[in-house]
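Trainee: just to be clear, the model below is a prediction. Sequence and coordinates:
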Amino acid sequence: MKLKKPVISVAPMVDKTDRYFRNFVRMINKDVLLYTEMVTAQAIIHGDLERILGFDEAEHPIALQIAATTPEDAYKAVKTAENYAYDEINLNVGCPSDRVSGNMMGACLMAYPELVLDILKAIKEATGKAVTIKHRIGIDGKGILPDNAEKTLFDKYEDMLNFINIIEKAGADRYTVHARIAVLAGLDPKQNREVPPLRYDEIYRLKAEKPYMQIEINGGIKTKEDITEHLKYVDGVMIGREFYDNPMLLAEVNSFYNNGEENISRYQVLEKMIPYLEKMEMNNERTHLFLRHTLGLFHNVKGSKYWKNSISSQNLKNKKGSLIIREILKNSKECEI
């Protein structure tokens, strides 16, 4: 599937971008690129494939994000995933978790560009789909990288450029760059999204110096105006927590695709939920698995507390999720829908 331009994507987020959240996104926006949660190559090789890789047709376009330690694991995992119709495969070289980095995956791999090059080559060999990479502008690897490492701090623009100069030989189709360094020890993943300063100018510079590359920017982006500004300098924009916490921003983003849905209302979104929830109920799935991702639907507007109380896990013990949504639609005076 050819992605519509510009590329605007919903960042992969652990415990958030599962198939339920992705279906929720599609009720608001049909065009943004979706990602799975990060999946390790080993999980794909040894795990329950349908649970790990299964998704619905409505979720396209969708990328599978993998984390891998070796080219061999990456090849096996991607070859296995070929049985699922993902639109692209993305390599995670940006996760700052010490647990992930301690297993030689994620952001720590920025210290090993030759290994990343080999992993990307293995993925390209395993699939004919688009292959992309997500990484940071740099890392502070002290406390995680080996004590005898020649270097543990890669926080200069020149460090990122050296990394790119090596891995670009693999011919990745897009580079998504988070505009902060990752501090691999001493900061948790949440702090790594907030504490290191944003350095957007370095990503703009990378695009200016390598105009032939598809560059997507990520980190701290919160509004439609932010997106418009970044697209003056790069090819795409990735947003994570803001889309999750304020999902109606996805409605505003529809205007970039001229799909006529920038004015979709919360009422319309709630209407779309009903058949999805009814299908879950028929399959004896807990509707909380879907509704827990929708808490931000009334972000900063009238009805937020009413909405959250209505779809609470306690309330769902006594009433079907689809029935709750029907009641909310009838009592629309309680919410700004």
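Mentor: Nice, I can see it.

Trainee: so the closest residue to I311 other than its chain neighbours is in which element?
Mentor: In space, and not counting its chain neighbours, I311 is closest to L291: 4.4 Å by Cβ to Cβ, 6 or more residues apart in numbering. C-beta: built from backbone N, CA, C; applies to glycine. Element membership of L291, judged by DSSP states H and E, is helix 288-291.

Trainee: name the residues that touch the helix or strand just after that helix?
Mentor: Remark: after helix 288-291, the chain's next helix or strand is helix 304-310, criterion DSSP H and E. For helix 304-310, contacts defined as Cβ atoms under 8 Å, 6 or more residues apart in numbering pick out L295, L297, F298, N315, I324, E327, I328, E334, C335.

Trainee: tell me which other helices or strands the helix holding L291 touches.
Mentor: Judged by 3 or more Cβ pairs under 8 Å, 6 or more residues apart in numbering; DSSP states H and E, helix 288-291 is in contact with helix 19-26, helix 266-282, helix 313-316, helix 321-330.

Trainee: at 6 Å instead, please
Mentor: If you count contacts as 3 or more Cβ pairs under 6 Å, 6 or more residues apart in numbering; DSSP states H and E, helix 288-291 packs onto no helix or strand.

Trainee: quick revisit: the contacts of helix 304-310: which two are farthest apart?
Mentor: In the contacts of helix 304-310, two members sit farther apart than any others by Cβ to Cβ. They are L295 and E327, at 17.7 Å.

Trainee: looking at these two, which has the bigger crowd around it?
Mentor: L295 (16 against 12; other Cβ atoms under 10 Å).

Trainee: which ones are touching that one?
Mentor: Shown in contact with L295 (Cβ atoms under 6 Å, 6 or more residues apart in numbering): K308.

Trainee: now do Y175
Mentor: For Y175, the contact set (Cβ under 6 Å, 6+ apart) comprises I133, I215.

Trainee: please repeat the previous calculation with a cut-off of 10 Å.
Mentor: Applying Cβ atoms under 10 Å, 6 or more residues apart in numbering to Y175 gives the contacts 93, 132-135, 164, 167-168, 203, 206-207, 210, 213-217, 234-236.

Trainee: show the buried residues in those residues.
Mentor: Among these, the ones that count as buried by 16 or more other Cβ atoms under 10 Å are 93, 132-135, 164, 167-168, 203, 206-207, 213-217, 234-236.

Trainee: narrow these to those in strands?
Mentor: Applying DSSP state E to these, the entries found in strands are V93, T132, I133, K134, H135, I215, E216, I217, G236.

Trainee: ok, and the closest non-adjacent residue to the fifth one?
Mentor: With Cβ to Cβ, 6+ apart as the measure, V93 is the residue that lies nearest to H135, at 4.1 Å, once sequence neighbours are left out.

Trainee: I'd say the one you found and L117 touch.
Mentor: No. Assessed by Cβ atoms under 10 Å, V93 is found out of contact with L117, at 11.1 Å.

Trainee: list residues touching both of those two?
Mentor: What both V93 and L117 touch, as defined by Cβ under 10 Å, 6+ apart, is the set F163, I167.

Trainee: so what's the residue lying closest to P71 once chain neighbours are set aside up against?
Mentor: In space, and not counting its chain neighbours, P71 is closest to A122: 3.7 Å by Cβ to Cβ, 6+ apart. A122 makes contact with 41, 68, 70-79, 91, 131, 170, according to Cβ under 10 Å, 6+ apart.

Trainee: and if you look at K16?
Mentor: For K16, the contact set (Cβ under 10 Å, 6+ apart) comprises V10, R22, E37, G240, R241, F243, Y244, R292, H293.

Trainee: quick one, phi psi at the fifth one?
Mentor: When quoted as degrees, to the nearest 10, the phi and psi of R241 stand at phi -60, psi -40.

Trainee: count of neighbours near it?
Mentor: 16.

Trainee: shouldn't it be in contact with H299?
Mentor: No. Contact criterion Cβ under 10 Å: R241 and H299 do not qualify, at 11.8 Å.

Trainee: any idea which element M160 lies in?
Mentor: Using DSSP H and E, M160 sits within helix 157-167.

Trainee: determine the set of other helices and strands touching that helix.
Mentor: strand 88-93, helix 113-126, strand 130-140, strand 153-154, strand 174-183, helix 200-209 (3 or more Cβ pairs under 10 Å, 6 or more residues apart in numbering; DSSP states H and E).
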